[in-house]
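>>> Got a predicted structure plus its sequence, pasted below:
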Amino acid sequence: MVLARMIHPTPRLRFAPSPTGPLHLGGARTALYNWAAARAMGGTFLLRIEDTDQARSTEASLKIILAGLRWLGIDWDEGPEAGGAHGPYFQMQRLDLYRKAADQLLATGHAYHCFCTPEEIEAGRKEMEAQKAGFVGYNGRCRTIGADQRAAFEREGRRPNLRFRMPEARVMKVHDLVRGDVEVNTRELDDWVMLRPDGVPLYNFACVVDDIGMRITHVVRGEEHFLNGIKQRLLFEALGAECPQYAHIPLILNKEGKKLSKRDADTNMLDYRDKGFPAEAVFNYIALLGWGFSGDRDLFTREEMVQVFRIENIGKAGAKFDEEKLRWMCGEYIRRMPVDQLAARARPWLESAVPADVWTHHPRWLANAIACYQERVQLFSELGPRLGWLFADRLQVDEAAQKNLAKEPAAPTWLANFADELAGSAMPPSWPADRAEADAAFALPSRKDAPVPECRWLGPAGIEALTRAFTDRIGVKFGSFVHPVRAALTGTDKGPGLFDVLFLLGRDTCVQRLRAAAAG
RNA sequence: GUCCCGUUCGUCUAGCCUGGCCUAGGACUCCAGAUUUUCAUUCUGGCAACAGGGGUUCGAAUCCCCUACGGGAUACCA
């Protein structure tokens, strides 16, 4: 048992953002895959903040990243605001650990001080380029520096960087969980800087020290890190630690097929939240960018994903982001939501459209109204504008509706007479009057085969019967009658079933609007 | 320049590792039809792809090679 645990340590994965910008699509997907892999393997998922780029790191970005992850439902077991036994989880709080590792590497000869100035490094690079060397990087001038030269540099006041001493031409055979077996010759890489004179580490160094300290076993990250992975493997080796399993995944491309950048405003995850995209739909969609749930299904929950997710199944080819499909997926999720949940979650976008009184005193009525639009919207934010006609004092009539009102010369007469008919009917009263009884009795949108409940008020079916009897009586074709009525009542030519509209509006408002339309 | 990775319908993908069940499946989009009082939903049907060329094999989307195209890397950023 103990032995088994040594061979297969508890999987520990991390997402390690640098707080230099918002959480964008690519970062969200990386986090999501790491999270899913951790959950799938019954392991631990943690967050580490790589804030060593002090000039660009901000507290605001950190907040946005954490909020974005939480919104997507990606939770972490260790990290900021969660604590954990392997902290601190901010790199700037781990400087002593890097220092210690640096001393060890210096002592074992895996690292050396480099006194070159940026200008000297650049000159060396130019020289290599002129020699048509395939690889162009640091020329390793300080590799073999003597004590005299070193002392001379120090007298000049130069402060050294710490560089990693790369093996000269070693063929690294590595296995990447996504790319498979790949060979890289270390001559493609130069002696990279680990530590600045001020003691702040650079990415590859801090990353490895932390992955060791945090016992990371698997790393899923963007393919821009593939070569960093080679450098890091060597560093693990030099430090006598085991390297995690790496999986380098292709980048997400934008519609133009270019790399998604942090500057693309609509790639900030919180923008999707603010625009009314359901989080679980965004999660679902992002998961599909480079991974397939199965051959015949692309709608799934987080839990279902965790059941079947395997890092090895992430695709090697880059994917383009398609907002059209994302939106379809949002609509799909909204349709499947219980209507009360939809109302609650859409509320932030409904505050201006729906009077506060409705929320507190007419919840069933509002739920019915929202239910009528459930299959007609894709985003929470689309609900408010659609509901406007319900509360309008003076109805806005759009062009299509005006056409429908003008098409039949007799329409004004029909509407006036229909108003009289409704005035004497048992239709439910109109908001703000109390109509809770009717709203509780009838669930919208009404369905043809639904049984008619016992109620003293007319429901949609009853109103339809009344209407059909009326059109028969005045000798008007039902089909032509219906359009001007909808126009008069909602001001548009689209929307829920007409009798749901009548029911929602209630007797008095219907009468009033029909008469107003009849009067022109 | 050099190195690495990739390329299946317009898009996301299944299939590829372990060749035959692939006249290549699903989804989004689009088109047509059905249902319907409008819109939407739903249902039915349709358009649409193995980048190109060689090779291996009885047989290749699947294995090998070359070409083209795309992406990534080549920092005192991460």
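Received, thanks. Numbers count the residues shown, from 1 in each chain, chains lettered A, B, ... in the order given.
>>> My read is that residue A:396 contacts residue A:491, right?
Yes - Residue A:396 lies in contact with residue A:491 (CB atoms under 8 Å); the separation is 5.2 Å. All C-beta spots, glycine's among them, are computed from the backbone N, C-alpha and C.
>>> which of the two has more neighbours?
Of the pair residue A:396 and residue A:491, residue A:491 is the one with more neighbours under other CB atoms under 10 Å, namely 22 against 11.
>>> ok, now how distant is the more buried one from residue A:386?
Distance, residue A:491 to residue A:386, using CB to CB, to the nearest Å: 12 Å.
>>> What of residue A:45?
If you go by CB to CB, the gap between residue A:45 and residue A:386 works out to 39 Å.
>>> Pull up the overlap in contacts between residue A:491 and residue A:386.
Residues touching both residue A:491 and residue A:386 (CB atoms under 8 Å, 6 or more residues apart in numbering): there are none.
>>> picking that back up, so for residue A:396 and residue A:491, which residues contact both of them?
Shared contacts of residue A:396 and residue A:491, defined by CB under 8 Å, 6+ apart, are found at residue A:389.
>>> any weak-confidence spans in the stretch 301-450 of chain A?
Along the stretch 301-450 of chain A, segments meeting pLDDT under 70 are nowhere present.
>>> need the helices for it, in chain order.
A:302-308, A:323-336, A:339-350, A:356-361, A:363-373, A:383-391, A:399-407, A:411-423, A:436-441 (DSSP state H, counting those that start in this stretch).
>>> Return the most buried member of those.
Highest mean neighbour count among the helices of the stretch 301-450 of chain A (mean count of other CB atoms under 10 Å): helix A:363-373, with a mean of 21.
>>> what helices or strands is it leaning on?
helix A:339-350, helix A:356-361, helix A:383-391, helix A:436-441, helix A:498-505 (3 or more CB pairs under 8 Å, 6 or more residues apart in numbering; DSSP states H and E).
>>> could you dump that helix to PDB, C-alpha only?
C-alpha atoms of helix A:363-373 as PDB (Å, rounded to 0.1, in the frame of the first residue of the first chain):
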ATOM      1  CA  PRO A 363     -43.800  35.900  -8.600                       C
ATOM      2  CA  ARG A 364     -46.000  33.300 -10.300                       C
ATOM      3  CA  TRP A 365     -47.000  35.900 -12.900                       C
ATOM      4  CA  LEU A 366     -43.500  36.800 -13.600                       C
ATOM      5  CA  ALA A 367     -42.400  33.200 -13.800                       C
ATOM      6  CA  ASN A 368     -45.100  32.600 -16.300                       C
ATOM      7  CA  ALA A 369     -44.000  35.600 -18.400                       C
ATOM      8  CA  ILE A 370     -40.400  34.400 -18.300                       C
ATOM      9  CA  ALA A 371     -41.400  30.900 -19.100                       C
ATOM     10  CA  CYS A 372     -42.900  32.200 -22.300                       C
ATOM     11  CA  TYR A 373     -39.600  33.400 -23.400                       C
END
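>>> show me what contacts residue A:59?
Shown in contact with residue A:59 (CB under 8 Å, 6+ apart): residue A:19.
>>> ok, it to residue A:51 distance?
10 Å.
>>> what sits in contact with each of the two?
By CB under 8 Å, 6+ apart, the residues touching both residue A:59 and residue A:51 are residue A:19.
>>> what secondary structure does residue A:194 sit in?
Three-state call for residue A:194 (DSSP: H, G, I helix; E, B strand; the rest coil): strand.
>>> Can you show me the strands along chain A?
Here chain A has its strands, by DSSP state E, at A:12-15, A:44-47, A:111-114, A:161-164, A:171-176, A:180-185, A:193-195, A:218-222, A:245-249, A:252-253, A:319-320.
>>> okay if I get those as TSV plus mean neighbour count and distance to RNA strand B?
Putting the strands of chain A into TSV (neighbours: other CB atoms under 10 Å; distance: least, CB to the nearest atom of the strand, whole Å) gives the following:
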stretch	mean neighbour count	distance to RNA strand B
strand A:12-15	27	11
strand A:44-47	23	13
strand A:111-114	20	8
strand A:161-164	22	5
strand A:171-176	13	8
strand A:180-185	12	4
strand A:193-195	23	4
strand A:218-222	21	7
strand A:245-249	22	8
strand A:252-253	20	7
strand A:319-320	14	3
